[in-house]
Every structure is written in C-alpha cells, then in structure tokens.
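K.L.:
Okay, here's the prediction I keep looking at, along with the sequence it came from:
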Amino acid sequence: MDISILKNIIQSLPMVLPEAMVAALILLLTIACIIPWKKPAMVGKSLSWIFGIGYILLKINQWNGQWDNGFLGMISLDNYRIAGQLLLGGLYLFSLHLSAVEVQLKNEERMEYWLLKAAILLGGSALVMSDNLLMIYLAVELLSFSAYGLTAFSFNEKGNKAALKYLLFGAIASALTVYGMSILYGLTGTLSLTDGSFWMNLSTAPVSILAFAAFLAVIGLLFKLTAVPLHPWVEDVYQNAPTPIAALFATLPKIAAFFCFMGIMQLLPPLSAEAKQAIIVALGFIALVSMTAGNLLALGQKEVKKMLAYSSVSHAGFLIACIIVPAKSAWDAGLFYAAIYGIMNMAAFGLVQYFETGKKAITYEDFNGMGKKHALWGIGLVIVMISLTGLPPTAGFNAKLMVFLALWEQYETTSTTIYLLLLVFGVLNTVIALFYYIRLPYHFYFQEEGEEDYHFYRRREVVIENRLQWAYRIALFVAILPLIVLFFAPQIIL
Amino acid sequence: MQAINFYSLIFYGFSALVLVSALNILLTKNVLYAAFSLLVSLFGVAALYVLMGADFIGIAQIMIYIGGILVLMIFGVMLTTKLKGEPILTQNRNVLSSLLVGTGLSTFLGLIFSQFEWANRPWIDQTALAEGSIRKLGIATMTDFLLPFELIAIMLLVALVAGTYLAKK
C-alpha cells in the first residue's frame, strides 16, 4: 500500500471543501426532515441560504489557487471551472428566492424540497470539475435523480406524468451512457480522461467502435444540455414542474454540462486530427439541429413556459457551438453566453412565475392587456425577451455576437464548412426567435383584454402580500439589471 | 481442428442458458413465467462473471438482482395475480418491426465489435484473476475511487428521500 496515494487524497481535500459544504447541507436537511418544526419552510430556506452563501464564499476563496489534479485524477480545478461553479452558486441562490416566494404563497411545508435543490447544486458543481467518466456519470445521475423528484413536486396528475416521462427518458439515456462508457473502458482500460493511455489507446482503436462508443458516452451530457435527439421530455417537464424548479432545470444542469464539455474538449489534443475533425463535425451538426428544431418547435407553442422550454433547446445549440471552437475567443464567448443565458432565463421564469401565481396567466392570450396595469413589470418583460432574442441594447446581443465572432474567426483560420454553416444558421435562427419572444410583450401591451377575460382574472387573482411583492421586485431587478449593464460593459465578466 | 476445452464448454453452456431464458421472456405470455425466466437469465450472467474472474461482481449480481429486485418483482406479480384471481398475460405487438430492429441492431453490434481484439488487453491485471478481486476492489474504493464512492452515498440518500417523500404523498 503506497502511502503517497493517501497523501494525495489528503492534499486534495481542500478542493472539494465547497462541495463538502453542500453535502453537509444535504445531511443536515435529512436530519431536519424528521424534526417537527413549527415553520419548516423557514428552517429549510435559512439553512439553504446560509450554506449556499458559504459555498460561494469558499469558491471565491479557491480563485487563483494552485490546484493540481485532485483525488488521483478524478477532478481538476482552474479559474474557468471555478467561474462556472460560481455561476451555478448564484443561480442556485436566485432559484432559492423564487422557491421561497412560491412556498410561502402555497403555504406548503416540506423540507425535502430544499434537500433536492441542494442536491442539484452538488451534482452540478461535481460535474463541472469532473475529469473522469465515472465522476461525470455519477454527477449527471445525481442531477437527474433530484430532478425526477422535484418535477413531481407540483403534486398533480400532470406533474406526476411529466416526472414519470422524465424518469423513463432519463433512465434510457443513462443506460446508453453507461454502455458507451463501458465500451470506452474496454478499449482503454481506464476511465480517467487525464490519463495519457486513455487517448493513446483510443487513437489505435477501430473508428467504427470508437464513434459508436463516444456517441453513447456523451448522451448523458447531451441529455442534461437538452440537445436535440434528447429533448422530447423538456416540454412536459418545464410546463408541469413548479416554476422555480423549471427555472433551475433550464439553467443549472445545462450550464454544468456545458462547462464539463468544455473541460473534455480541452483534453482532446492527443487524438489524431481526423478524429478531432469528426467529433467537431458531429457535435456541430447536433448544435445546428438543436438551434433550428428548438426554434421551430417554440414557434408553435401556446403556453409561455413551453415556449421557454424549447427556446432553451435552441440556446443549447449555441452553447454547443461554443464547445466545438478550440480557441481562446470561444472560451470567453462560452463563459459569457452561459452567464447571460442563466441570468436571463432565471429572470424570464421569475416573471412568468409572478404572472402565473398572481394572475394565473399561462398562455399567451392570458397576458392580453396587462400592460395597462403592470407597466413596470412590462418593461422588465420586454428587456428579458429582447435579451433572449439577442438584440441590443441587452447583454443577450453581446453573447450572441461573441459566439458568432468566434465561429467566424475559426472559419477563417481553418476554413471548415461546419463553422460557417453554424454561423449562418445561428443568424437565421435569431431572426426566427424574434417572432416568438416578441409575441409575449405584444400580447402584453397591444392586445385588448376581453371583457370576459377581465372578470375571469378578477375572480382568479391571488393577492400577493406587500412584503413579497417587494422581495420579488428586488430579485427581478437584480436579475434584469445585469442584462443592460453587461451590454455596455461586457468586460466585467471577462 | 482445435480441441474444445473445458473452459469454453462451460462458457458456451452458460451463454446458451442466458440467451434461451432471455428469449423465453419475450415469447411467454404469462408475466410470472417471464419473471422466472429472468431469474435463470440473471443467474447465467452471474456465472459468466465468476467464470471471467470477477467474483465480487458475480456475488453482487446474485445478491442485488436476484435477491433484491427479482424477488420483489415476483412478489408484486403474485400479489396482483391474487388480487385479480387470474394470471397477468401480455401480448406480443409489432412482432415484425421489433424483429427487424432487433436483428439489425445485433448484426450492427456484432460487426463493429468483431473488429477489435478484446481479450488479452495489456492492462488486464492477471494477478487479480488468481487472487480474487475483493481485496483489490476494497482498496481501490478507498483510494482511487474515494470521491465517486462518496458521491454515490449522497446520490442514494437523495434517491431514497425523494422516493419516500413521493410515496408518502
């Protein structure tokens, strides 16, 4: 028994200190589940906030640290990944706030809710720093398990159906992922992506097996990114899960999978040029189909949350486009895009949640004529929708522009057709996206509210108490403000 | 002609057992019979694991799949049968298309997997085959795979909490 192995493990313990914090939160909440609190929601919320902030502080503390591969090559950390994890932490805190509002409104008391949310943060954080196929698989599973549970938390028939659909789809995706990874293990004898022998053995393996196994092995990540062949669950889950949960699903797992993918692509160089080219073309094709199909499906939706679900499929296409460009500019573009994507989707779901709980507005038509009464909210809505489309003066524009520039530069240096195709389709899709995003402000301001509708809403309207209203306003302001500020000063993130 | 040795005789024997019982799961209409066929199939797979020197995986297969999951399944089938008073029957639907997909997929997998020499890879630890793998697995779990091990612990906890909570509701 080699003592240096144990030393390595002890030395790498500080790397996972923030994650240990989240794990401690999960354990505490498990214990808290069995104690009969007077106000369980208060306990769950405060614990989540304290540990969530602790996670972020510890992550900041890791910034610029000298991190080698930890746990014998299981994980690695650099500033790029820490930036990703900080983003996850921020999104987690924001969704905690949305949840707090929801839980208070429905007056429901459940500790398990907070536990599963913490598990999503842990899974995402582990996924970002994974350097090993086993770690990637387990992190994806942790994300999935808590997601299946949370989908059913709306406790109606539709929510259960969506959760079951999600579970079945996820189970098949994870089975295929494990199958692919096991073939890769059979070819190389290791699961570690940082191990030189992994890539060396792969480059001598027959191309057909390699392509088959590699495709299966990334299915888990594509499932979390909701890229196109693995997207059919997205509509039902986002529509029927509680809205703060849908907001979390739309952002955190996708951004985590994105950063994990970026890490893998960084390790590719030992492969032969043809193999790399094949991977880039295959992923580029998936990106292209995702952005187009997501947009076209979003066009046909009547419900706002379903539209946001398919728009997130389309955004996944843009994220994958960043993944396949092996240049510094794409790294910056990817980080910026992921951050903006997370912020604006949280803001969009937050707005939808406000109108959903307060006014019971679910479809586009339900938003008719609200502009007169809720002008201030409308401004926020317009900013978020313009940002989602990718038009100035919002940060969504900078994000898309940076992706397009990275694609163009890469096309100029390598003249590979896939980059040009992605660029052209990306621009076309931005135009298509305008139609369904702007439809919401259009209904909001320019459609007259029917007399019938008016009484209908009055009956259903839920009065949100003042304190909550303000909490909501401040939170949404915090989410929407960066969309404008970062347009004028994108260097804040970079 | 190469003489058929004892090892490959056992291997092909168990493989045939696995395949025949798996086929029976598809062909039988009675769900209880299908569950029992699954039992035989899983036992056959466990035997193949042991034959390949993976003794721990073989035992785990018997304990978890046969001892846990399958017994639960059979209990479930028997209890529902008792409730309704008649055996649960299934139907074979879309026989032709599934036959096509099945043969197509297995031909495809057979073709691509036959291109690679899977046996005698240089990284296979021959000493583990002689000594048994449990000791090595235990050490690896606590050193090389410590972090995944801890992550699995959290994952199972989360699955348990989510499962019990949803069952309670």
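P.N.:
Alright, I've got the coordinates. For clarity, every value in this text was computed on a predicted model and none was experimentally measured.

K.L.:
which element is the one residue in the stretch 351-494 of chain A that gets nearest to chain B on?
P.N.:
Going by CB to the nearest CB, chain B is nearest to A:Thr357 of the stretch 351-494 of chain A, at 20.9 Å. Any C-beta I mention is one placed from the backbone N, CA and C, and that applies to glycine too. Using DSSP states H and E, A:Thr357 sits in helix A:328-359.

K.L.:
For the closest residue in space to A:Ile280 that isn't next to it in sequence, grab phi and psi.
P.N.:
The shortest distance from A:Ile280 to any residue other than its chain neighbours is 4.7 Å, reached at A:Ile324 (CB to CB, 6 or more residues apart in numbering or on different chains). Taking degrees, to the nearest 10, you get phi -90, psi 0 for the backbone angles of A:Ile324.

K.L.:
A:Ile324 reaches A:Ala278, doesn't it?
P.N.:
No - A:Ile324 is not in contact with A:Ala278 according to CB atoms under 8 Å; the separation is 11.5 Å.

K.L.:
For chain B, which residues are neighbours of chain A?
P.N.:
B:111-113, B:115-116, B:118, B:121-124, B:139, B:143-148, B:150-152, B:154-155, B:157-159, B:161-163, B:165-166, B:169 (CB under 8 Å from any CB of the partner chain).

K.L.:
Are any of those residues buried, and if so which?
P.N.:
Neighbour counting by 16 or more other CB atoms under 10 Å in any protein chain shown classes B:112, B:116, B:143-148, B:150-152, B:154-155, B:157-159, B:161-162, B:165-166 among the residues of chain B next to chain A as buried.

K.L.:
What about those residues, which are in helices?
P.N.:
B:112, B:146-148, B:150-152, B:154-155, B:157-159, B:161-162, B:165-166 (DSSP state H).

K.L.:
Just flag the most distant two among those residues.
P.N.:
Spanning the widest gap among those are B:Ile112 and B:Tyr165, at 43.5 Å by CB to CB.

K.L.:
one step back: of the ones in helices among the buried ones among the residues of chain B next to chain A, just say which sits nearest to chain A.
P.N.:
Relative to chain A, the closest of these is B:Ala162; by CB to the nearest CB it sits at 2.9 Å.

K.L.:
for the closest residue to the closest one other than its chain neighbours, what are its contacts?
P.N.:
Take B:Ala162 and drop its neighbours on the chain: the residue closest to it by CB to CB, 6+ apart is A:Gly149, 2.9 Å away. Residues in contact with A:Gly149 (CB atoms under 8 Å, 6 or more residues apart in numbering or on different chains) are A:Glu112, A:Leu116, A:Ala163, B:Val158, B:Val161, B:Ala162, B:Gly163, B:Tyr165, B:Leu166.

K.L.:
The second one and B:Leu160 touch, don't they?
P.N.:
No - with the criterion set as CB under 8 Å, A:Leu116 and B:Leu160 do not qualify as a contacting pair; they are 11.6 Å apart.

K.L.:
And those two? Which one has more around it.
P.N.:
A:Leu116 (24 against 12; other CB atoms under 10 Å in any protein chain shown).

K.L.:
on that earlier part again, looking at A:Ile324 and A:Ala278, which has the bigger crowd around it?
P.N.:
Shown here are A:Ile324 and A:Ala278; by other CB under 10 Å, A:Ile324 has more neighbours (25 against 16).

K.L.:
any idea how far B:Leu26 is from the spatially most central residue of chain B?
P.N.:
In chain B, the centroid-proximal residue (CA atoms, centre = their mean) is B:Leu42; its distance is 5.2 Å. Separation of B:Leu42 from B:Leu26 (CB to CB, to the nearest Å): 16 Å.

K.L.:
likewise A:Leu168?
P.N.:
A:Leu168 is 20 Å from B:Leu26, by CB to CB.

K.L.:
So for A:Ile172, what's the pLDDT?
P.N.:
Predicted confidence (pLDDT) for A:Ile172: 93.

K.L.:
if I've got this straight, it is in a helix?
P.N.:
Yes - per DSSP: H, G, I helix; E, B strand; the rest coil, A:Ile172 lies within a helix segment.

K.L.:
Find me the pLDDT at A:Phe488, would you?
P.N.:
78.

K.L.:
residues touching it, list them.
P.N.:
A:Phe488 neighbours (CB under 8 Å, 6+ apart): A:Pro393.

K.L.:
quick one: low-confidence ranges for chain A?
P.N.:
For chain A, applying pLDDT under 70 flags the ranges A:1, A:103-109, A:358-359, A:449-467, A:493-494.

K.L.:
mind listing the strands in it by residue range?
P.N.:
In chain A, no strands are found when defined by DSSP state E.

K.L.:
Is it correct that A:Tyr238 is in contact with A:Phe249?
P.N.:
Yes - assessed by CB under 8 Å, A:Tyr238 is found in contact with A:Phe249 at 6.7 Å.

K.L.:
one step back: if I look at the residue nearest to B:Ala162, how far off is A:Thr357?
P.N.:
Applying CB to CB to A:Gly149 and A:Thr357 gives a distance of 22 Å.

K.L.:
Counting neighbours, what do you get for residue 52?
P.N.:
Since no chain was named, I'll use chain A. 22.

K.L.:
was after chain B, sorry
P.N.:
Neighbourhood size, B:Met52 [other CB under 10 Å]: 12.

K.L.:
and the residue lying closest to A:Tyr238 once chain neighbours are set aside, what is it in contact with?
P.N.:
Excluding its sequence neighbours, the residue lying closest to A:Tyr238 (CB to CB, 6+ apart) is A:Ala309, at 3.7 Å. The neighbours of A:Ala309, taking CB under 8 Å, 6+ apart as the test, are A:Val234, A:Glu235, A:Val237, A:Tyr238, A:Gln239, A:Ala246, A:Ala250, A:Ala298.
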